[in-house]
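Peer 1: No sequence on hand, only this structure:
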DNA sequence: AGAAGTAGTAAGATTCTCTGACTAATCTGA
DNA sequence: TCAGATTAGTCAGAGAATCTTACTACTTCT
């Protein structure tokens, strides 16, 4: 894998390695806490906005088809993590909202995320960690079509 | 998703967004160039070392079971991207090596990677891009059990 | 040589994802 | 105002990717 100027694998793979480490930790903690969710479910769940989100939007952001997103939301709904409510502004659509049990899971996940980020900060130093985040946020401008 | 000190989603998700952008571009280019590979195949292929790698090692690094890795290597072999050779040092094992057609794919991929990294450098500035890579490489020390 | 460990394969089920076809509600413009 | 186009979502069926369990062949250690 032809690296760039300096050493190591390509920047995308480097990001993937760290991302996966974070992700494993979160999923592990959720499962340990009795929330039996899969990676695929989390990928959709993670995108649900505070006011609820439409299926089509979730699908777009998670980059899966509507059918796939619908399938995963079905599972999440059956397990009590989310609920579908009619969208008052469009009778065709429904809003997928986080249910109470889903909120519990969010809290557990947020705790682990904070923990892992603290470890990263300890390893890199606060200054570099902050710098890293800033660069990633800027990079998002050109890598995420559904911006912040 | 409770963010850390400053704004934006958690650092893992930020990395995932950029990683996925890179990955899509590479996969797209490979397919456009007539290399019909899937994401799953690439994830295994990507880990093959210059001297060839054992199936078990590929599985570990890609974090899938040996069976899954074997399945994907079967596909890659059938398509001519890799070949299995006996491992001279252990008759139980076989080395999975990149075949000529695989090398062609590597070259296409490397080109796209360089292109995307150039775009990122243009957006962030050379100084910050370098800094970003250095931080990611350091982070790998605590996030990748199969180090560099 | 025998026990224990390692490399890989086999079979079958499950999970995830897609394509294509469909219903129902909304928007658009003559 | 109403026919056509668009948008939200579902259904059905197929294919891809992955897992668990169980197995064979070879190696290493004692």
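Peer 2: Yep, that arrived. In this text the structure is predicted, and so the values were computed from the model without any measurement.
Peer 1: Show me what counts as buried in the helix of greatest length in chain A.
Peer 2: In chain A, with assignment by DSSP state H, the single longest helix is helix A:100-124. For helix A:100-124, the neighbour count (16 or more other C-beta atoms under 10 Å in any protein chain shown) marks A:102, A:104-106, A:108-109, A:112-113, A:116-117, A:119-121, A:124 as buried. Placement of C-beta: from N, CA and C, glycine included.
Peer 1: so what secondary structure elements neighbour it?
Peer 2: Secondary-structure packing of helix A:100-124 (3 or more C-beta pairs under 8 Å, 6 or more residues apart in numbering or on different chains; DSSP states H and E): helix A:11-32, helix A:126-143, helix B:11-32, helix B:126-143.
Peer 1: tell me the mean pLDDT over it?
Peer 2: Per-residue pLDDT over helix A:100-124 has a mean of 97.
Peer 1: Quick one: work out the angle between it and helix B:11-32.
Peer 2: Note on geometry: by axes from the mean of the first three to the mean of the last three C-alpha atoms, to 10 degrees, helix A:100-124 and helix B:11-32 are set 90 degrees apart in direction.
Peer 1: need the contact list for the residue nearest to residue A:36 when sequence neighbours are not counted.
Peer 2: Nearest non-adjacent residue to residue A:36, counting by C-beta to C-beta, 6 or more residues apart in numbering or on different chains: residue A:79, 7.2 Å away. Going by C-beta atoms under 8 Å, 6 or more residues apart in numbering or on different chains, residue A:79 touches A:36-37, A:101.
Peer 1: now chain A, which segments are flagged as low pLDDT?
Peer 2: Chain A contains residues with pLDDT under 70 at A:1-6, A:147-148.
Peer 1: Quick check: residues of it near DNA strand D?
Peer 2: Counting by C-beta under 7 Å from any atom of the strand, the positions of chain A adjacent to DNA strand D are A:54-57, A:66-67, A:70, A:73, A:84, A:87, A:90, A:92-95.
Peer 1: so which of those residues comes closest to residue A:14?
Peer 2: Using C-beta to C-beta, residue A:57 comes nearest to residue A:14 of the residues of chain A next to DNA strand D, at 29.6 Å.
Peer 1: Tell me, how many residues neighbour that closest one?
Peer 2: Look at residue A:57: counted by other C-beta atoms under 10 Å in any protein chain shown, it has 17 neighbours.
Peer 1: Report the two of the buried residues of helix A:100-124 separated the most.
Peer 2: Maximum distance among the buried residues of helix A:100-124 (C-beta to C-beta): 32.0 Å, for A:102 and A:124.
Peer 1: got the angle for the longest helix of chain A vs helix B:126-143?
Peer 2: 110 degrees.
Peer 1: and the most centrally placed residue in chain A, how far is that from residue A:23?
Peer 2: The centre of chain A sits closest to residue A:46, judged by C-alpha atoms, centre = their mean, with a distance of 4.0 Å. Remark: distance between residue A:46 and residue A:23 (C-beta to C-beta, to the nearest Å) = 10 Å.
Peer 1: likewise residue A:54?
Peer 2: Distance from residue A:54 to residue A:23, by C-beta to C-beta: 25 Å.
Peer 1: Could you do residue A:128 as well?
Peer 2: 22 Å.
Peer 1: what about residue A:36, how many residues close to it?
Peer 2: 9.
Peer 1: just residue A:125 next, same as before
Peer 2: 12.
Peer 1: Same question for residue A:127.
Peer 2: Residues near residue A:127, counting by other C-beta under 10 Å: 9.
Peer 1: Over to the one 5 residues further on?
Peer 2: When neighbours are defined as other C-beta under 10 Å, residue A:132 has 25 of them.
Peer 1: Distance-wise, check the residue nearest to it when sequence neighbours are not counted relative to residue B:123.
Peer 2: Distances taken as C-beta to C-beta, 6+ apart place residue B:135 nearest to residue A:132, at 4.5 Å, with adjacent residues excluded. Distance, residue B:135 to residue B:123, by C-beta to C-beta: 17 Å.
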